[in-house]
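[1] Fold the stuff below for me.
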Amino acid sequence: MNIIDSYTGLEYFIYVLKSFDRMISVIFYAGLKRYFHSTKTNKTMPAIFNTLTPVKRKEEARMVLPSLGLVIPFQPSMQKESQIMSLVNYATEAVKTKLSDRYGNGYATNLLARLEKIFCNLNFHSHRKSLAIIITPGEEKIIYLDFHVKPAVFLGKSISLIDLVANSYREPDFMILHLQENNVKLFDANNGKLEKIYEQNHETNTADLFKNASGVIELMNAGYEKPVFITGNSNLVNVFYANVSFSEIIFKKSDDEGDVTHHKVQLLESEISHQWNHWESKFLAGRILFAQKHGLLMNNIEAVLQVLRKKADGLLLMDKHFKMLLKKPNEGNDIINISKELINQIEHFLARGNRIEITETGLLKDMGGIVLLRNIVPGTSAGFSYRSRYSEKNGVGILF
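    Presented below is the predicted three-dimensional model:
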């Protein structure tokens with residue numbers, strides 16, 4: 001007998017309702033199970049999204065042609081041809097790799113051909129220290145820089161020379177002056193190399209001895225571009241420091257142990273070089289004070305731009321925050337209307353053989369974020385001369 005035949009009409013109706021209810025429950029439970037199972041196990045979805053997104057961006061990026069910025073050391077007067085070719089090959093491969101990864105081989109081939117043409121027409125008689133190249137879809141710029149840089153490649157919608165020179169660095173470069181009553185020695189230290197460049201002794205007048213040393217420093221440290229560390233008897237060091245006209249860039253390293261030896265000077269050179277970041281920061285602060293004292297400092301964007309238009313030369317300091325504002329001026333920003341002209345003037349400034357340094361935010365906070373320290377011709381003003389009369393009182397040397 002069929003199960004349906006065993007039910008009355010009412011019983012059958014109830015049986016159907018229960019069966020339908022069980023079926024709905026099973027379907028609902030299965031749905032929930034699939035939902036929670038997918039929530040727990042579908043951990044690949046973000047990865048898939050992240051994988052697809054760069055591909056999409058890469059396709060979009062190919063629609064906008066990028067600009068290329070490149071900086072490399074380039075000093076034909078000091079480098080061997082093999083060194084230069086090695087740097088050129090490094091730059092070419094770095095550009096090729098970055099372009100192929102981001103924009104495809106087609107655009108890479110076109111830009112590399114333009115870069116190769118530039119390399120073939122470089123000035124190999126240049127006495128500058130570095131090379132900056134900017135290639136945009138519409139123009140090419142080649143600028144020979146008179147300071148050292150680390151090799152770097154930049155790609156972006158727009159690139160300025162300021163982006164490239166932010167990669168510059170200043171190698172340890174300073175002077176050491178050792179003082180004795182009847183002898184002075186002046187050493188030049190540059191990137192680990194130490195050389196004695198001046199010595200005078202058998203001078204009966206200590207004041208004349210020190211005055212001559214001061215004059216040599218002014219002559220050989222043109223523009224006061226190097227810090228000077230003075231060592232020797234502490235009394236003589238203090239006398240020299242108190243009376244020289246450029247004390248802002250002098251740092252005392254007293255040594256009362258008697259005669260100087262080349263080994264002792266080498267140890268001092270090594271110590272200063274290892275602490276170069278510290279001393280360079282103090283030196284820049286000293287140069288600012290020196291320029292202020294002698295009326296050679298221009299600060300704030302309007303004043304700096306005005307003198308750059310007149311082809312002023314010197315050292316340009318710019319803090320990182322100001323550089324960021326200059327790169328991306330916003331509406332309401334005071335520099336938005338003159339940022340392009342300033343960047344253009346800075347390019348001409350650097351092309352003339354001047355230097356720029358990007359400083360930590362804070363050093364120039366009261367000066368508008370940008371400062372020009374104008375060049376000075378050493379020894380052109382009587383205000384820079386060393387005081388020339390010397391006497392001793394109770395064993396202490398005095399210049400007056």
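[2] Enumerate every residue touching Ile159.
    If a contact means C-beta atoms under 8 Å, 6 or more residues apart in numbering, then Ile159 has 67-69, 134, 136 as its contacts. For every residue, glycine as well, the C-beta is placed using N, CA and C.
[3] just the buried members of those?
    Buried subset of the contacts of Ile159 (neighbour count, 16 or more other C-beta atoms under 10 Å): 67-69, 134.
[4] Can you add distance to Glu271, pLDDT and secondary structure and give the contacts of Ile159 back as a markdown table?
    Below are those laid out as a markdown table (distance: C-beta to C-beta, whole Å; pLDDT from 0 to 100; DSSP: H, G, I helix; E, B strand; the rest coil):
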| residue | distance to Glu271 | pLDDT | secondary structure |
| --- | --- | --- | --- |
| Ser67 | 43 | 87 | strand |
| Leu68 | 41 | 90 | strand |
| Gly69 | 37 | 91 | strand |
| Ile134 | 40 | 93 | strand |
| Thr136 | 46 | 89 | coil |
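[5] which of those lies closest to Ile249?
    Gly69 (32.9 Å; C-beta to C-beta).
[6] Would you confirm that that closest one contacts Ile134?
    Yes. The pair Gly69 / Ile134 is scored as a contact, 5.3 Å apart, by C-beta atoms under 8 Å.
[7] Common neighbours of these two, please.
    Counting by C-beta under 8 Å, 6+ apart, the residues touching both Gly69 and Ile134 are 159, 164.
[8] what comes into contact with the helix or strand hosting Met324?
    Using DSSP states H and E, Met324 sits in helix 320-327. Helix 320-327 is contacted from outside by 160, 162-163, 166, 318, 333, 335, 339, 342-343, 358-361, 364, 368-370, using C-beta under 8 Å, 6+ apart.
[9] quick one, phi/psi of the spatially most central residue of the chain?
    In the chain, the residue lying closest to the centroid (C-alpha atoms, centre = their mean) is Ala166, at 3.4 Å. Phi and psi for Ala166, reported as degrees, to the nearest 10, are phi -60, psi -20.
[10] That one - nearest residue in space that isn't next to it in sequence?
    Leaving aside its sequence neighbours, Ala166 sits nearest to Ile358 (C-beta to C-beta, 6 or more residues apart in numbering; 4.8 Å).
[11] Can you get me a residue count around the residue nearest to Pro76 when sequence neighbours are not counted?
    Distances taken as C-beta to C-beta, 6+ apart place Phe124 nearest to Pro76, at 4.6 Å, with adjacent residues excluded. By the measure other C-beta atoms under 10 Å, the count of residues near Phe124 is 11.
[12] tell me the pLDDT at Phe124?
    pLDDT for Phe124: 88.
[13] From Cys120, how far off is Ser214?
    49 Å (C-beta to C-beta, to the nearest Å).
[14] The two: which has the busier surroundings?
    More neighbours surround Ser214 than the other of Ser214 and Cys120, with 24 against 8 (other C-beta under 10 Å).
[15] And Lys252, how far from Glu181?
    Lys252 is 17 Å from Glu181, by C-beta to C-beta.
[16] same thing with Ala189?
    Plainly put, Ala189 is 24 Å away from Glu181 if you go by C-beta to C-beta.
[17] for Thr97, same thing?
    From Thr97 to Glu181 the distance is 62 Å (C-beta to C-beta).
[18] okay, those two: which has more neighbours?
    Counting neighbours by other C-beta under 10 Å for Thr97 and for Glu181 shows that Glu181 has the greater number, 15 against 12.
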